[in-house]
Structures are given as structure tokens and as C-alpha cells.
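Enquirer: Requesting a structural model of the entry that follows:
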Amino acid sequence: MRTSKRAGRLAVGIGVTVLWLAASDGWSQSTQPTAPPRDPGAMSSPSALPPPDRRPDRSANVEIIAPPATPPSILASEVRPVDLATVLRLGNVENPEINIARQRILESVANRQLAAAYFLPSINPGMNYDTHSGTLQQSNGNILSVNRSALFVGAGANAVAAGTVAIPGVYWAGNVGPGLYAYFATKQIVRQREFETVALRNQMLLQIAMAYSELLRAEGLRAADIQARDESRVVAKLTADYARTGQGRVADANRAATVLARWEAAIQQAESAIIASSSKLCRLINLDPSIRLHPTDAVVVPQSLVPDPQPLSELIALGMLRRPELEAQRSAIQAALLYLGGAKILPFSPNTLIGFSAGGFGGGSNLVRPIFGGFGGREDLDVVVYWTIQNLGLGNLALINQAKARLGMRQYEQVEILNMVRAEIAEAYARTHARYAQIGVYEEAVRSGYLAFHEDLDRIRLMVGREGTSRVLPIELLNSFNLLADARLDYVNAIIDYNESQFSMYVALGQPPADALARPVPTEGVAPGNLPPTAVPPGSISPLPIPATPESSQQPMRMPQPPTATEGGGGAPTASAMPRRDAVQPAGYRPTVPPPVKFTVPRSGAG
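Expert: Residues are numbered from 1 along each chain as shown. Presented below is the predicted three-dimensional model:
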């Protein structure tokens, strides 16, 4: 009963509370002022783009950035033309490391001569004077007081009293067995030094060839950058003219100006690489690094030194037979074997001492007359032979074990060099084939980029002021140009990388690059002999091959005449005026940049 009453009171209280809260909330809302409508422009959070009619027109306020001016070159105007054969010959004569290795050969030859002279006796001409005052003891113990003197002149010295000449006039002392082994070992060491010098010469000539290739790479990249800069200037002017006439976007013109500025900076970077490469090459051939070396190669072309195709197994076998490092190690093993033989024969080979003296001898004392006189001839011959067992035989055993350990080291070094030779040949083989494949790929990329760039360029030039101009936008032309310029740089790098891999392969097979590359090159440059007679000479801007001479790259471009239109003005061009796009023309046939179109008078006419 009480429980039910309490529950009823609780329910009534809850209901009254709810009604009071509802009334107070409604009163508070009625007393607050009405919020003003929100302004969409004052919103801080992002919203959707406004309709086209409300978008601000900023095209009139955007400035067309003028193309940057060409900065002055940092390269010295005076150059010293060189070719690969010249730098290889200079390096073979002037390189300090090669000359140091040749001095090591002379040192080993001197050691061999010293080992051969080991079997020749030494000659000791001389004299001695001896005097004594005071007591002496005889062999029987008798003490004598004597004043005596003696004089000896002739072959030998230190002849005193009745003893033999202590320093013989003709003297030889040594051990015949170990001496013979040591002499034959020095002959092997001379051969080792000779092969080591050949190996060092090959490596240094390889470094010189690599440095020359890097110099050629820098020159080629600079020429390609200059070519791209000239083309970029045409694209920048074209896009700027489009923007000024209202047929293009200002952003495209500024983007083209940015690309032109980057190519100007790329030329400066290429010139810095030229200076660095020239200085490195000067260091290798012992020239003043302030001299700017300039390659006489007119174009960058692949240089094949190793016949192809040739199986890798045959190349490895050839390298194992001809590498001077392996020949030097074989000589080192022979020398170690000879030293081991000398250590084994040492206990059984006698030590020999032979001495012969002859001269005039005289003297006297106070016990006999004359006091000083009695001069006459004197000859002495002494021969001593004895065997030596060092340290009760433990010393000889230690010498044998030491020689065995050195022989083992030489043999393991041979295995290490053998693995190195095989790895170098395999790596050079892989790089050569990969670089050769890349040359073909990048060559096709240059050709296709060349066609795409000129197709876009010609269509924009011929579509100015006509309907359908938007079918080819300037941004598409800029994209085609970037692809073509990058393909040219990749093409230059692929050729240089291929040449460097060929140099590495040739040296890995044991041949110096000078044997195949020492041929005279005229200072005015050499162009490929397989170009047609009507081809544009290197120096004009052409897609293939890439010119490597910056001076020739900066020559004025040969501009073709603009295509003529049909009668009626503004009509479609004739078939003879349109460039052919159905076939790729060989290198040097056509300049890559046609003349820019003038936008002073916009064209009009039917499309």
C-alpha cells in the first residue's frame, strides 16, 4: 500500500518537472534576437567553386614572364684540342703512377743483379801498421818485455805477428745452396714486377680513357643542352604569342619560360662538368689543370672494341690467359716455391769462407836486429767450411714453415685474383650488352620524340587563327619538347656508358686500350663516314648523332622556308609544302626548329 503511494507521488513530481523545463526553454528562445543571414563570402571553410559568371577574371592581371637572358659562359676561350690517342700516349709517358711502377722494375732488376753477384768474391786492398811496447806472454807462459812493430801493404789488412791476415785481400763467404735459390727467386720477382707494371699501366690507361669519355660526355651534354635551349626559346616565344593574342593561356607561356630558364641553368651545369672533367684528365696525364682540354671528336659515336657476339665463357678463358695480374701472381708463386726450397736445403748446404791475401810485410823489435826492417813478400790462403743447424733444428723448421705459409698466401691470392678477373669480365659483359640495347631504345625515343615535337609544332604554326586551333594546345607542344630533350640526353649518356663498358671489357681481357685506339685524329674533328653526301655536317642541330662540339652547336641554325599556302590566303598548305611524316629521315637531314610564326596579323579563313 505504501509502496504504491510513493510511486504515484514520484510520477507526479517527474511530470511537473518536465512541464517546467519545457516552458523555460520556449521562453529563452522567444527572448533571443533572430540571427542575421550568413554571407557565403565570409565563410572560412572551403566551398564549391562559384559559377563561371561569378569567377574573377585574373587573366588581365597575370604578367607574362619574359624569357631569361643567356648568361655568359664560364669556359675559357682558349682550348687545347686533344683526342683519345693523344691522351693515352701522354699518359703512358707522363703518368706518375706508371713511372713509379717502372722504377719498381729497375729496383727488382738491381736486386737480381745483387743476387747474381752473391757468388763473386770481394776485394779488400789495404794496409796496416802495428806497434807494441811492454810485456807479452809466450805460449809456454814466459813473460817478455818487448818493443815490436809491423807493417803490411797489399791485398788485405790487419796482418799482425805470426797470425794470418785477418781481413783477406780476396774474400768470399756464403752458402751456395740458399744463394742459388735466392737468385732464381729474384728472377721471378723481376717478372712479377714487370707484369704488375703492365697491369697498372692498363688500369691507368683505362682511367684516362674513362676521363676522356667523361669529358666527351660533358661536351655532348652541353651541346644537347644548347640545342634544347634553342628549341625551348622557340617554344617559349610561340606560347607567349599565343597568350598575348588570347589564343593561349598565360600559365602555359610562363611554364615555357620556366623550362627555358632551366635549360639555361643546365648549360651552366654542363660547363662546370666540362671544367671538372678537363682538370681530372690533366691530372692523369700530368698537365696543368688550368688548361682546358677539348675533344676533337665531332660527334659522340659508339666505339666497339671487343668482337660481338662472343660467348662469355670464351671471354673469361681469354682473360685468364692474358690478364697480367694472373701472370704476376704466377711469378710470385714461383718465387715462393724457390724460397721454400732454399729453406729446406739450408741445413745440408755448408757455409763456406775463402780468403786470400798477398802483399809486403816487415817489422822488428828490440830483441832482434834490425829493429825495423826485413821487408818481403807474403801470401795467405784460408778456406773454412762448416754446417749450421740453427737452434738445434727448431730454427730451420720455423724457416720452412714460414716459407710454406708465404707460399699458401700467394696461392690463395691467385684464387682471389682469378675470381676478380672472372667477375670483372662478367660485369663488363653485362654492362656492354645492356648499354648496347639502351642505345637502340633511346635512338628510337629520339626519333619518335623528334616526329612528335615537329608534328605538334607544325600543326600549331599552321592552325594559327583558324578553327580547331585548340586541337593542339601549347602545353602539348611543351610536353613533346621535354620528352625529346630528355631522350637526347639519355641517348648521349647511353653511348658514353657503352664506350666506357667497352673500355672496361677490353682492359678486363688483359689488353690496354692504346693498342686499338692509337690512331691520329685531325684537330678539326672527325665526322662519321657513313653519312650521306647531302647530310648536314655535325654542328647543325639534328636529332642524330648528337654534336659534341659546343662551338659548332652555337652556329646559326639553317631555317627552312615556311610552308606556302594555297591561293586565297589562309588556305590549307600544299602537299609539297608539308613535311613528310611517314618516314624517319637519317641524322642531319633536317634542322629541328622551324622559324617561329609572327602574330602581328592574325590569320583568318576557313579551317
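Enquirer: Show the low-confidence segments of the stretch 401-550 of the chain, by residue range.
Expert: 463-473, 512-550 (pLDDT under 70).
Enquirer: cool, the stretch 1-150 of the chain as well?
Expert: Along the stretch 1-150 of the chain, segments meeting pLDDT under 70 span 1-62.
Enquirer: would you list every one of the strands in it?
Expert: Ranges of strands in the stretch 1-150 of the chain, per DSSP state E, counting those that start in this stretch, are 80-82, 122-123, 125-137, 143-157.
Enquirer: swap in the stretch 351-500 of the chain?
Expert: Under DSSP E, counting those that start in this stretch, the stretch 351-500 of the chain gives strands at 351-365, 373-386.
Enquirer: in the longest one, what counts as buried?
Expert: Meaning strand 351-365. By 16 or more other C-beta atoms under 10 Å, the buried positions in strand 351-365 come out as 354, 355, 356, 357, 358, 359, 361, 362, 363, 364, 365. Placement of C-beta: from N, CA and C, glycine included.
Enquirer: still on that earlier bit, what would the strands of the stretch 1-150 of the chain look like in JSON lines with mean neighbour count and distance to residue 504?
Expert: Shown next, in JSON lines, are the strands of the stretch 1-150 of the chain (neighbours: other C-beta atoms under 10 Å; distance: least, C-beta to C-beta, whole Å):
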{"stretch": "strand 80-82", "mean neighbour count": "17", "distance to residue 504": "21"}
{"stretch": "strand 122-123", "mean neighbour count": "12", "distance to residue 504": "52"}
{"stretch": "strand 125-137", "mean neighbour count": "12", "distance to residue 504": "61"}
{"stretch": "strand 143-157", "mean neighbour count": "17", "distance to residue 504": "63"}
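Enquirer: got CSV for these, with distance to residue 404 too?
Expert: What follows is those, written out as CSV (distance: least, C-beta to C-beta, whole Å):
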stretch, distance to residue 404
strand 80-82, 52
strand 122-123, 34
strand 125-137, 44
strand 143-157, 43
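Enquirer: nearest to residue 511, of those strands?
Expert: Set against residue 511 and scored by C-beta to C-beta, the strands of the stretch 1-150 of the chain come closest in strand 80-82, at 22.2 Å.
Enquirer: Could you tell me which strands the closest one is paired with, and in which direction each runs?
Expert: Strand pairing for strand 80-82, using DSSP bridges, gives strand 293-295 (parallel).
Enquirer: before we move on, back to that, relative to residue 490, which of the strands of the stretch 351-500 of the chain is closest?
Expert: It's strand 351-365; of the strands of the stretch 351-500 of the chain, that one is closest to residue 490 (C-beta to C-beta) at 73.4 Å.
Enquirer: got the angle between that closest one and strand 143-157?
Expert: 130 degrees (axes from the mean of the first three to the mean of the last three C-alpha atoms, to 10 degrees).
Enquirer: Pull up the pairing partners for strand 351-365, direction included.
Expert: Here strand 351-365 is paired, per DSSP bridges, with strand 143-157 (antiparallel), strand 170-175 (antiparallel), strand 373-386 (antiparallel).
Enquirer: for those strands, which one sits closest to residue 264?
Expert: Taking C-beta to C-beta, strand 170-175 is the member of those nearest to residue 264, at 77.0 Å.
Enquirer: Which parts of the stretch 401-550 of the chain are helices?
Expert: Here the stretch 401-550 of the chain has its helices, by DSSP state H, counting those that start in this stretch, at 474-508, 514-517, 550-553.
Enquirer: Nearest to residue 103, out of the ones you listed?
Expert: helix 514-517 (20.8 Å).
Enquirer: about what we covered before: can the strands of the stretch 351-500 of the chain go into JSON lines with extra columns for mean pLDDT?
Expert: Below are those laid out as JSON lines (pLDDT from 0 to 100):
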{"stretch": "strand 351-365", "mean pLDDT": "89"}
{"stretch": "strand 373-386", "mean pLDDT": "88"}
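Enquirer: hang on, the earlier thing: which one of the strands of the stretch 1-150 of the chain lies closest to residue 426?
Expert: strand 80-82 (32.8 Å).
Enquirer: Nearest to residue 500, out of the strands of the stretch 1-150 of the chain?
Expert: Once the strands of the stretch 1-150 of the chain are compared by C-beta to C-beta, strand 80-82 is nearest, at 17.7 Å.
Enquirer: related to what we said a few turns ago, adding distance to residue 266, write the strands paired with strand 351-365 out as TSV.
Expert: Below are the strands paired with strand 351-365 laid out as TSV (distance: least, C-beta to C-beta, whole Å):
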stretch	distance to residue 266
strand 143-157	82
strand 170-175	72
strand 373-386	82
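Enquirer: what's the closest of those strands to residue 448?
Expert: Nearest to residue 448, of all the strands paired with strand 351-365, is strand 170-175, at 79.4 Å by C-beta to C-beta.
Enquirer: What strand or helix carries residue 159?
Expert: Using DSSP states H and E, residue 159 sits within no helix or strand.
Enquirer: what's the distance between it and residue 122?
Expert: Remark: distance between residue 159 and residue 122 (C-beta to C-beta, to the nearest Å) = 18 Å.
Enquirer: which residues touch the closest residue to residue 183 other than its chain neighbours?
Expert: Nearest non-adjacent residue to residue 183, counting by C-beta to C-beta, 6 or more residues apart in numbering: residue 115, 4.2 Å away. Listed by C-beta atoms under 8 Å, 6 or more residues apart in numbering, the contact set of residue 115 reads 179, 182, 183, 185, 186.
Enquirer: Can you tell me how far the last one is from residue 410?
Expert: Counting by C-beta to C-beta, the separation of residue 186 from residue 410 is 16 Å.
Enquirer: close enough to count as contact, residue 508 and residue 428?
Expert: Yes. With contact defined as C-beta atoms under 8 Å, residue 508 reaches residue 428; the gap is 4.9 Å.
Enquirer: So for those two, which sits in the more crowded spot?
Expert: Taking other C-beta atoms under 10 Å, residue 508 and residue 428 do not tie; residue 508 has more neighbours (26 against 23).
Enquirer: burial count for the closest residue in space to that one that isn't next to it in sequence?
Expert: Of all residues not flanking residue 508 in the chain, residue 424 sits nearest, at 4.3 Å (C-beta to C-beta, 6+ apart). Counted with other C-beta under 10 Å, residues neighbouring residue 424 total 18.
Enquirer: before we move on, what about residue 390?
Expert: By the measure other C-beta under 10 Å, the count of residues near residue 390 is 13.
Enquirer: Look up how far residue 175 lies from it.
Expert: In this view, residue 390 and residue 175 are 12 Å apart by C-beta to C-beta.
Enquirer: Could you report the distance from residue 416 to residue 409?
Expert: For residue 416, the distance to residue 409 - C-beta to C-beta - is 10 Å.
Enquirer: for residue 326, same thing?
Expert: Distance of residue 326 to residue 409, given as C-beta to C-beta: 16 Å.
Enquirer: who's in contact with the residue most central in space within the chain?
Expert: Per C-alpha atoms, centre = their mean, the C-alpha nearest to the average position across the chain is that of residue 210, at 5.6 Å. Residue 210 sits next to 500, 503 when contact means C-beta under 8 Å, 6+ apart.
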